[in-house]
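Colleague: this one's structure only:
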């Protein structure tokens, strides 16, 4: 009888974002307004920051369950967006 090695891939083996990428977490109220969001500059409310990120990033937002979502953007782009007012 031959010894056959079997390997399987799991969902946890998905490639991690590059170190130059930033994951920004957001949480929402039942009415859809943004309650909290990461990396928010002092001059912006959570809703304003979410709107700015939504407008100025392309295909970077992913909706999650439970009224949550994430943006995955490059750190350099994040710094550019933070300097906008």
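Modeller: Arrived safely, thanks for sending. Model, not experiment: these values are computed from the prediction.
Colleague: and the closest residue in space to residue 62 that isn't next to it in sequence, what pLDDT?
Modeller: Excluding the flanking residues, the one nearest residue 62 by Cβ to Cβ, 6 or more residues apart in numbering is residue 70, at 5.4 Å. C-beta: built from backbone N, CA, C; applies to glycine. Here the pLDDT value assigned to residue 70 is 98.
Colleague: Equivalent analysis for residue 19, please.
Modeller: Among the per-residue scores, residue 19 holds a pLDDT of 77.
Colleague: OK, contacts around the residue nearest to residue 62?
Modeller: Residue 70 makes contact with 23, 24, 25, 26, 61, 62, 64 under the criterion Cβ atoms under 8 Å, 6 or more residues apart in numbering.
Colleague: mind redoing it with 7 Å?
Modeller: Residue 70 is in contact with 23, 24, 25, 62, 64, counting by Cβ atoms under 7 Å, 6 or more residues apart in numbering.
Colleague: Quick one: list the elements packing against the lengthiest helix in the chain.
Modeller: Ranked by residue count and defined by DSSP state H, the top helix of the chain is helix 46-56. Contacts defined by 3 or more Cβ pairs under 7 Å, 6 or more residues apart in numbering; DSSP states H and E place helix 46-56 against strand 34-37, helix 75-82.
Colleague: Let's have these in CSV, adding mean pLDDT.
Modeller: Formatted as CSV, the helices and strands packed on helix 46-56 follow (pLDDT from 0 to 100):
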stretch, mean pLDDT
strand 34-37, 98
helix 75-82, 96
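Colleague: Please work out which of those is packed deepest.
Modeller: Comparing those by mean neighbour count (mean count of other Cβ atoms under 10 Å), strand 34-37 comes out on top with a mean of 17.
Colleague: What are the contacting residues of that strand?
Modeller: 24, 26, 27, 28, 29, 46, 47, 49, 50.
Colleague: Pick the one among those residues closest to residue 77.
Modeller: residue 24 (11.1 Å; Cβ to Cβ).
Colleague: can you tell me which residues contact the closest one?
Modeller: For residue 24, the contact set (Cβ under 7 Å, 6+ apart) comprises 37, 38, 39, 53, 70, 71.
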